[in-house]
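A.B. asks: Sharing a model that was predicted from the sequence below.
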Amino acid sequence: MLKHTAYVGKSKFVLLEFLLICSILQRSFSHGIHPLSKVAIHNTTLSLLNLAHIKASPSLLGLQGQTSEWVTVEYTSPIPSIHDWIGVFSPANFSGSTCPKENGRVYPPLLCSAPIKFQNASYLNPQYKTTGKGFLKLQLINQRSDFSFALFSGGLSNPKLVAVSDKIAFANPNAPVYPRLALGKSWNEMTVTWTSGYEISDAEPFVEWGPKGGDRVHSPAGTLTFTRDSLCGAPARSVGWRDPGYIHTSYLKELWPNKIYEYKIGHKLKNGTYIWSKQYQFRAAPFPGQKSLQRVVIFGDMGKEEVDGSNEYNNFQHGSINTTQQLIQDLENIDIVFHIGDISYANGYLSQWDQFTAQVEPIASAVPYMIASGNHERDWPGSGSFYGNMDSGGECGVLAETMFYVPASNRAKFWYSIDYGMFRFCVADTEHDWREGTEQYKFIEHCLASVDRQKQPWLVFLAHRVLGYSSCICYAEEGSFAEPMGRESLQKLWQKYKVDIAIYGHVHNYERTCPIYQNICTSEEKHNYKGTLNGTIHIVAGGGGASLSTFTSLKTKWSIFKDYDYGFVKLTAFDHSNLLFEYKKSRDGKVYDSFKISRDYRDILACATDSCPSSTMAS
């Protein structure tokens, strides 16, 4: 393994090579193969059989305005095999005639679009190989187009198209769906982002909103979309491409602190008629410094899972549904959510972003759902990301930047600050350079330095990759116990500005350190901290749902609590002097680790090592 000095004092080439090694190690220990990448759709051959048949019902979905429905798929094959499978395609017309050519001499294969989901024909039918008859129950969401179902033989690596169903569709495939809230650039602004099939020339997008029980106003929405050319590579530009529709964002301004507001999203068509979503509500943010009960949930690396068992996500992100359901069940006790990177794990299969926004809609439509950029959103060679790997599947940040709003001055540079009552959150972008002297480093220092700790005593640093401390085997292997160069530049900022807690994702487990500075614990206490911490408590909260990461067997003195399981963390500020931290497991929502911080403002003013000037004019 390379020594510590290799990435501190030696050439840029060695440094980048080292970063790549670490990235590969991390991926090998904690990531599976994306399910849709297992489908070699470009190898498909046409093998239609007269006696083979596949049918889906009902044929028309969403008649009562539903955005998701269950369908029954029935199929028969005269030569059944345990390798037969069902693919769900959208748009329904997935023939090769719709595929773009690579050049004038190269023609596309029979199929050039990956399915949006798939399932083995024997999944609910153990007798399928004998009888040749089977059925599936599959859930579809409104994704702006129609659907068809196909029966394949030959397995996923050598698909043979045996039968295709008739089309089915939602009553209004263009309907506005999956609203997601985010705080705006000022504390009293809420943004609402949603997806539809309506171009701005077809219909005017807006939000109708107002205080609960009060008058309503209309706020217009801006509209964004993108094309294949906006993306960086395959599969996002090839088999994973799917038209993203239109993403609309409206800004609801001049909100009263902690007031309940109701809203619904709408489109006014050219003929004067209106298309509406159902009604939702949210609570406005507290004023910066305001004393009130403030509850924050934070996690990373959740991804999505199909509730019908398709796409084999139960082998890749089986904690995702549990995390989502626990948050929904406890939503009355949550004020804001931070999902700190690795959002949907679409990895270039664009249909999965719709699936993810549908999964989190009950949460994101009710409380601000703030995201950070992770390697699976941003990284792509030659695209300007700090890491040159291919983890984004060719998305290179375009999907995350468009599908979710963040109050960054430049959304291609995913760093921003959030004032939420007694909290100040400084959200970094680990997929861009954070080292001293960079644009991001200057932002981080300004975010930490500009907070008034008398009004906002709880200062929290958030980032995707572990810039602090982790006992993951991937980091232990190369000896840094964190992202290479992670804390070299930043630890003096955390110490100088007295950051209470730093929370990361990327490593798919849970871990908590002592209050620490320069590898040394600054307190022997483990659960009840009083007065000044003299260091920062570092948390890994990457157990949102993706396959778990292994801990090293080495004993790290600074590690207080480890858990190889799925979960999330919750911060509860009761007032300016009392903060509760809890780690909850996704399986049952119970607390498995916790600590409290109790202190007065004078404790924040007190000097710790490297946190105050070494001399004054008086001295």
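C.D. replies: Right, received. Where do you want to start?
A.B. asks: only C-alpha atoms for contact and neighbour calcs from this point on.
C.D. replies: OK.
A.B. asks: can you map out the helices along the stretch 1-150 of the chain?
C.D. replies: Residue ranges of the helices in the stretch 1-150 of the chain, as given by DSSP state H, counting those that start in this stretch, are 12-30, 128-131.
A.B. asks: rank the ones you listed by pLDDT, which is bottom?
C.D. replies: Per-segment mean pLDDT for these reaches its minimum on helix 12-30, at a mean of 41.
A.B. asks: hey, what's the residue lying closest to residue 278 once chain neighbours are set aside bridged with?
C.D. replies: Spatial nearest neighbour of residue 278, excluding adjacent residues (Cα to Cα, 6 or more residues apart in numbering): residue 264 at 6.0 Å. Note on residue 264: beta-bridge partners by DSSP bridges are residue 208.
A.B. asks: looking at it, residue 146 is touching residue 169, isn't it?
C.D. replies: Yes. The criterion here is Cα atoms under 8 Å, and residue 146 meets it with residue 169 at 4.4 Å.
A.B. asks: The two: which is more packed in?
C.D. replies: The residue with more neighbours, out of residue 146 and residue 169, is residue 169; 23 against 18, by other Cα atoms under 10 Å.
A.B. asks: Make sure I have this right: residue 326 is in a helix.
C.D. replies: Yes. Counting by DSSP: H, G, I helix; E, B strand; the rest coil, one finds residue 326 located in a helix.
A.B. asks: can you pull the contacts of it?
C.D. replies: Residues in contact with residue 326 (Cα atoms under 8 Å, 6 or more residues apart in numbering) are 586-589.
A.B. asks: got these as CSV, with neighbour count, pLDDT and distance to residue 597 columns?
C.D. replies: Converted to CSV, these look like this (neighbours: other Cα atoms under 10 Å; pLDDT from 0 to 100; distance: Cα to Cα, whole Å):
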residue, neighbour count, pLDDT, distance to residue 597
586, 24, 97, 24
587, 15, 95, 27
588, 12, 96, 25
589, 18, 97, 22
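A.B. asks: for these, which one is nearest residue 404?
C.D. replies: Using Cα to Cα, residue 586 comes nearest to residue 404 of these, at 23.9 Å.
A.B. asks: related to what we said a few turns ago, show me the contacts of residue 326 that map onto helices.
C.D. replies: In helices, defined here by DSSP state H, there are no members of the contacts of residue 326.
A.B. asks: any idea how far the closest residue to residue 419 other than its chain neighbours is from residue 37?
C.D. replies: Take residue 419 and drop its neighbours on the chain: the residue closest to it by Cα to Cα, 6+ apart is residue 288, 5.9 Å away. As judged by Cα to Cα, to the nearest Å, residue 288 and residue 37 stand 46 Å apart.
A.B. asks: more crowded one of those two?
C.D. replies: residue 288 (21 against 17).
A.B. asks: which residues touch the more buried one?
C.D. replies: Contact analysis of residue 288 by Cα under 8 Å, 6+ apart lists 187, 419-423, 455-456.
A.B. asks: 10 Å instead?
C.D. replies: Under the criterion of Cα atoms under 10 Å, 6 or more residues apart in numbering, the contact partners of residue 288 comprise 186-188, 257, 418-424, 451-452, 455-456.
A.B. asks: what does residue 381 give?
C.D. replies: Counting by Cα under 10 Å, 6+ apart, residue 381 has contacts 232-233, 387-392, 394, 396.
A.B. asks: how far does stretch 163-174 stretch from start to finish?
C.D. replies: Using Cα to Cα, the end-to-end distance of stretch 163-174 comes out at 28 Å.
A.B. asks: Any buried residues in it, and which?
C.D. replies: 163-165, 167-174 (16 or more other Cα atoms under 10 Å).
A.B. asks: per-domain residue ranges of the chain.
C.D. replies: The chain breaks down into these domains under the TED database: 53-170, 289-605.
A.B. asks: Return the most buried member of the ones you listed.
C.D. replies: Comparing these by mean neighbour count (mean count of other Cα atoms under 10 Å), domain 289-605 ranks first with a mean of 21.
A.B. asks: Check whether residue 346 really touches residue 392, as I assumed.
C.D. replies: Yes. Using Cα atoms under 10 Å, residue 346 is in contact with residue 392, at 8.0 Å.
A.B. asks: Now for those two: what residues contact both?
C.D. replies: Counting by Cα under 10 Å, 6+ apart, the contacts common to residue 346 and residue 392 are 236, 376-377, 399.
A.B. asks: so where's the protein uncertain?
C.D. replies: Along the chain, segments meeting pLDDT under 70 span 1-32, 95-110, 312-317, 615-619.
A.B. asks: Run through the helices of it in chain order.
C.D. replies: 12-30, 128-131, 320-329, 351-364, 375-378, 398-403, 439-449, 473-478, 491-496, 601-605.
A.B. asks: Nearest to residue 562, out of these?
C.D. replies: Across the helices of the chain, residue 562 has its closest neighbour in helix 473-478 (12.8 Å, Cα to Cα).
A.B. asks: and the closest one, what does it pack onto?
C.D. replies: Secondary-structure packing of helix 473-478 (3 or more Cα pairs under 10 Å, 6 or more residues apart in numbering; DSSP states H and E): helix 12-30.
A.B. asks: Make JSON lines out of the domains of the chain and add distance to residue 228.
C.D. replies: Shown next, in JSON lines, are the domains of the chain (distance: least, Cα to Cα, whole Å):
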{"stretch": "domain 53-170", "distance to residue 228": "11"}
{"stretch": "domain 289-605", "distance to residue 228": "10"}
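A.B. asks: nearest residue to residue 441 other than its sequence neighbours?
C.D. replies: residue 434 (5.1 Å).
A.B. asks: any idea how far residue 47 is from the one you found?
C.D. replies: Plainly put, residue 434 is 54 Å away from residue 47 if you go by Cα to Cα.
A.B. asks: before we move on, what about residue 380?
C.D. replies: According to Cα to Cα, residue 380 stands 37 Å off from residue 47.
A.B. asks: same deal with residue 614?
C.D. replies: Applying Cα to Cα to residue 614 and residue 47 gives a distance of 79 Å.
A.B. asks: Same check on residue 370?
C.D. replies: Going from residue 370 to residue 47 by Cα to Cα gives 47 Å.
A.B. asks: I figured residue 338 hits residue 297, correct?
C.D. replies: Yes. Under the criterion of Cα under 10 Å, residue 338 makes contact with residue 297 at 6.3 Å.
A.B. asks: Could you tell me which residues touch both of the two?
C.D. replies: residue 369.
A.B. asks: Which one of the contacts of residue 326 is nearest to residue 213?
C.D. replies: Taking Cα to Cα as the measure, residue 213 lies nearest residue 589 of these, at 33.3 Å.
A.B. asks: Pull up the gap between the closest residue to that closest one other than its chain neighbours and residue 255, please.
C.D. replies: Of all residues not flanking residue 589 in the chain, residue 326 sits nearest, at 6.0 Å (Cα to Cα, 6+ apart). Between residue 326 and residue 255 the computed distance is 29 Å (Cα to Cα).
A.B. asks: cool, and residue 294?
C.D. replies: 17 Å.
A.B. asks: same deal with residue 480?
C.D. replies: Distance, residue 480 to residue 255, by Cα to Cα: 45 Å.
A.B. asks: quick one, strands of the stretch 151-300 of the chain?
C.D. replies: Ranges of strands in the stretch 151-300 of the chain, per DSSP state E, counting those that start in this stretch, are 160-164, 169-170, 177-183, 190-196, 203-211, 217-224, 246-252, 260-269, 274-276, 280-283, 294-299.
A.B. asks: rewinding a little: what about the residue nearest to residue 419, distance to residue 259?
C.D. replies: 15 Å.
A.B. asks: try residue 566
C.D. replies: From residue 566 over to residue 259 the distance is 33 Å, taken as Cα to Cα.
A.B. asks: Next, the contact list for the closest residue to residue 465 other than its chain neighbours, please.
C.D. replies: Leaving out its chain neighbours, the residue that sits closest to residue 465 by Cα to Cα, 6+ apart is residue 506, at 5.1 Å. Taking Cα under 10 Å, 6+ apart, we find residue 506 in contact with 26-27, 30, 299-301, 340-342, 374-376, 463-466, 540-543, 546, 549.
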